[in-house]
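Novice: Structure here, sequence nowhere to be found:
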């Protein structure tokens, strides 16, 4: 009986902590960056990542030091043609024949749940790169404030740290 009471208490506590982690919100003045792959083939998904990596290098230079929405918006709008050149150069240097479009403005984003956080669907200010037919999985992040640019500056040598709840570990231990 004591084990059941302890497990119930652990589940309630775990539920409380997991609920707290879902309250992370993207600020309303955010600008997103999205790259949509042509399809879900391995090649098209690889192309999506190649293009993302190359554009992110330029975005770090363009907006990482900007601290207000109007300046970030102006910088991105002014450089759309430069981002188009980066996509074209990336595709050509990797011998990939694909159409593409680079657009800045309000674009639709579907609902997404990422690491326990639900991001509502809707139209968001964003820089969007669409490769080919744009029917594949996409990658997106918050460009301003520059949340994804911090990630782009990290070296490949860093490892991602996974945090676990002590209580969850106990539950897993006793329920297995």
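Specialist: Alright, I've got the coordinates. Not measured: the values here are computed from a predicted model. Numbers count the residues shown, from 1 in each chain.
Novice: so how far is residue 104 from residue 89?
Specialist: 19 Å (CB to CB, to the nearest Å). For the C-beta atoms, the positions are set from N, CA and C on the backbone; glycine is no exception.
Novice: Between those two, which is the more surrounded one?
Specialist: Taking other CB atoms under 10 Å, residue 89 and residue 104 do not tie; residue 104 has more neighbours (17 against 11).
Novice: Run me through the strand neighbours of the particular helix or strand that has the more buried one in it, direction for each.
Specialist: Applying DSSP states H and E as the criterion places residue 104 in strand 100-109. Paired strands of strand 100-109, with direction, are strand 122-131 (antiparallel) (DSSP bridges).
Novice: what helices or strands is the helix or strand following the partner strand leaning on?
Specialist: The element immediately downstream of strand 122-131 (helix or strand, assigned by DSSP H and E) is strand 138-144. Contact partners of strand 138-144 among helices and strands, from 3 or more CB pairs under 8 Å, 6 or more residues apart in numbering; DSSP states H and E: strand 31-36, helix 42-63, helix 69-78, strand 122-131, helix 147-153.
Novice: what residues does the first one touch?
Specialist: In this case it means strand 31-36. 26, 48, 51-52, 55-56, 59, 69, 72-73, 76, 107, 109, 124-131, 134, 136, 138-144, 148 (CB atoms under 8 Å, 6 or more residues apart in numbering).
Novice: What ranges in this protein fall below the confidence cut-off?
Specialist: 1-25, 149-176 (pLDDT under 70).
Novice: In which helix or strand does the closest residue to residue 47 other than its chain neighbours reside?
Specialist: Sequence neighbours aside, residue 96 is the residue nearest to residue 47 in space, at 5.5 Å (criterion: CB to CB, 6 or more residues apart in numbering). Assigned by DSSP H and E, residue 96 belongs to no helix or strand.
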